[in-house]
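>>> Have a look at this prediction, sequence included:
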Amino acid sequence: MEAGTNLNKILKELPTGVKVVAVSKTRTPSEILDLYTSGHRMMGENKVQELMEKKDKLPGDIQWHMVGHLQSNKVKYIAPFISLIHSVDSLKIIRTVNKEANRNNRVIDCLLQVHIATEESKFGFSEEELLELLRNFEPGDYPGVRLRGLMGMATFTGNEDLIRREFRNLARIFRELRESGLVSDDFNELSMGMSGDYGIAVEEGSTIVRIGSLIFGERDY
């Protein structure tokens, strides 16, 4: 139950209302089940294949979150059950999620991923691309998609000032969108912060943090 103890420590530090997605990539079903037994239900995976291999070995009431880069040809596998997709980074993905949600008679909650880091390797919309998308987004055209907010990943660095600036910038974009009339009242989640930087993310307004190693321990690759 070490994972449950670790999670409880984190939860005690967090402001009320901030949600924790326990990122279970590379973890075994039994490790995830240990955390589940402690009462936690929100789990996150980076890869569709790994998620599918684990899902059927674990209880059906786990709320699975897709937190890694999502390819459009993999959406069909997770569409029947996924709780929240954090990493929607193109109109193509939105169209695919809508199509697969409609096939499954579901509305799928999605976050739009914004590129805020200095690293080119990270995915996501630029601020300009995001505004362009939302100005032209008609919810009636995508009945299977509910846009719930934004997600971003800070630069992987020890420079806390840079991390804070990046999170603060994403929080500004989120706030301005909510005030703009371009999004609905459901657009109220800001997913930012992982094991190394979630404290800064929460100070800057994150509503969802994605934490793996601080809960499960360091990974054995």
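Structure's in. What do you need?
>>> What helix or strand is the residue nearest the centre of the chain located in?
The chain has His86 as the residue nearest its centroid, 3.2 Å off, counting by CA atoms, centre = their mean. Per DSSP states H and E, His86 falls inside strand 84-88.
>>> Now the element after that strand, going C-ward?
helix 91-103.
>>> what's that following helix packed up against?
The contact analysis (3 or more CB pairs under 8 Å, 6 or more residues apart in numbering; DSSP states H and E) places helix 91-103 against helix 75-78, strand 84-88, strand 108-114, strand 145-152. Any C-beta I mention is one placed from the backbone N, CA and C, and that applies to glycine too.
>>> Tell me which of the ones you listed lies nearest to Thr96.
helix 75-78 (4.7 Å; CB to CB).
>>> Averaged pLDDT, that closest one. What do you get?
On average, the pLDDT along helix 75-78 is 98.
>>> same thing with stretch 131-142?
96.
>>> Give me the buried positions along that stretch.
Of the residues in stretch 131-142, Leu131, Leu133, Leu134, Phe137, Tyr142 count as buried by neighbour count, 16 or more other CB atoms under 10 Å.
>>> Repeat that for stretch 44-53.
Gly44, Glu45, Asn46, Lys47, Val48, Leu51.
>>> same question, stretch 78-96
Buried-residue list, stretch 78-96, by 16+ other CB under 10 Å: 78-79, 82-90, 93-96.
>>> tell me which of the residues you listed is nearest to Tyr198?
His86 (14.2 Å).
>>> Show the pLDDT at the closest one.
pLDDT for His86: 98.
>>> which residues of the protein fall in helices?
2-13, 29-37, 48-55, 75-78, 91-103, 127-135, 160-180, 198-203, 213-216 (DSSP state H).
>>> if we can go back for a sec, what's the closest of the buried residues of stretch 131-142 to Asn169?
Leu131 (14.0 Å).
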